[in-house]
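Asks: this one's structure only:
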């Protein structure tokens, strides 16, 4: 499998920049004019024009089971990017997937406000956390002062947010596994968010693993994030979340 790892990132503002992608090379390539291509085109059009933008989540399949004709797509927006921002990110993600995973039957592409997951294997839908699909990004600036104390306070705040996610806020018939917040740390303000994909059945474990991954080294940064196909965590010392 092709996997581009991004190890660091500069301070980000409220943009929707490309973050990473992974093409599922083991799922093969589809032929032009094939049934798979027809199914993929229909589903990706529905991602761009769907009515899911109030909750930011979509999962749909099309084609004959089993593979190679069936295609399954999952799309998730970040919890503060629903509505028109979600729709814009959907357009960007579909175009980006087509360009970066040209004719691949499956793959994932991540942007700042959403990610798109495509697979030719229906049962491969990531209900249990797939840790192979996870990657981290860091603010290049080191923490000033007591870095270990800073890391502990960030982890404690993440734990508070994880408890909020565990309450399973419902919007209509959809469970929204997202929480955000800010907290004063001396002269600084800490901003953080956690989110799981609706289908993930081990959300808390996914978030806990991701949080620990952020601080597994002694080189503590002023911000960082872990993303995957099941959950996402992020913290910074500047605002990056829409109110």
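Replies: Received it, and whenever you're ready, just let me know what you need. For clarity, every value in this text was computed on a predicted model and none was experimentally measured. Residues are numbered from 1 along each chain as shown.
Asks: Quickly list the domain ranges of the protein.
Replies: As recorded under automatic domain parsing, the domains making up the chain are 2-125, 135-236.
Asks: and the ones you listed as TSV, adding distance to residue 242 and mean neighbour count?
Replies: C-beta here means a position set from N, CA and C on the backbone, and glycine is covered the same way. Listed next are the domains of the chain as TSV, based on distance: least, C-beta to C-beta, whole Å; neighbours: other C-beta atoms under 10 Å:
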stretch	distance to residue 242	mean neighbour count
domain 2-125	4	18
domain 135-236	9	18
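Asks: Could you dump those domains into JSON lines and include mean pLDDT?
Replies: Below are the domains of the chain laid out as JSON lines (pLDDT from 0 to 100):
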{"stretch": "domain 2-125", "mean pLDDT": "83"}
{"stretch": "domain 135-236", "mean pLDDT": "90"}
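Asks: What is the longest strand of the protein by residue count?
Replies: Using DSSP state E, we find that the single longest strand of the chain is strand 174-185.
Asks: Just list what that one packs against, helices and strands only.
Replies: Other helices and strands packing on strand 174-185, by 3 or more C-beta pairs under 8 Å, 6 or more residues apart in numbering; DSSP states H and E, are helix 147-165, strand 169-171, strand 188-196.
Asks: Could you rerun that using 10 Å?
Replies: On a contact count with 3 or more C-beta pairs under 10 Å, 6 or more residues apart in numbering; DSSP states H and E, strand 174-185 meets strand 57-62, strand 71-77, helix 147-165, strand 169-171, strand 188-196, helix 203-214, strand 231-236.
Asks: Turn those into CSV, including distance to residue 96.
Replies: Output for these, formatted as CSV (distance: least, C-beta to C-beta, whole Å):
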stretch, distance to residue 96
strand 57-62, 17
strand 71-77, 12
helix 147-165, 27
strand 169-171, 27
strand 188-196, 20
helix 203-214, 23
strand 231-236, 17
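Asks: So which of these is nearest residue 90?
Replies: strand 71-77 (6.3 Å; C-beta to C-beta).
Asks: and that closest one, how far from the chain's centre?
Replies: 11 Å (C-alpha atoms, centre = their mean, to the nearest Å).
Asks: Sheet partners, orientation included, of that strand?
Replies: Here strand 71-77 has these sheet partners by DSSP bridges: strand 57-62 (antiparallel), strand 114-119 (antiparallel).
Asks: just to revisit the earlier point, any idea which of the helices and strands packed on strand 174-185 gets closest to residue 105?
Replies: Between residue 105 and these, the tightest spacing by C-beta to C-beta is seen for strand 71-77, at 7.3 Å.
Asks: helix or strand right after that closest one?
Replies: Going down the chain from strand 71-77, the next helix or strand is helix 84-100, by DSSP states H and E.
Asks: report the angle between the axes of the helix or strand following that next one and strand 114-119?
Replies: The first helix or strand that comes after helix 84-100 along the chain, using DSSP H and E, is strand 107-111. For strand 107-111 and strand 114-119, the angle between their directions (axes from the mean of the first three to the mean of the last three C-alpha atoms, to 10 degrees) works out to 180 degrees.
Asks: Find out how far the longest strand of the chain is from the centre of the chain, if you would.
Replies: Its chain's average C-alpha position is 15 Å from that of strand 174-185, according to C-alpha atoms, centre = their mean.
Asks: strand partners of that strand, parallel vs antiparallel please.
Replies: The pairing partners recorded for strand 174-185 under DSSP bridges are strand 169-171 (antiparallel), strand 188-196 (antiparallel).
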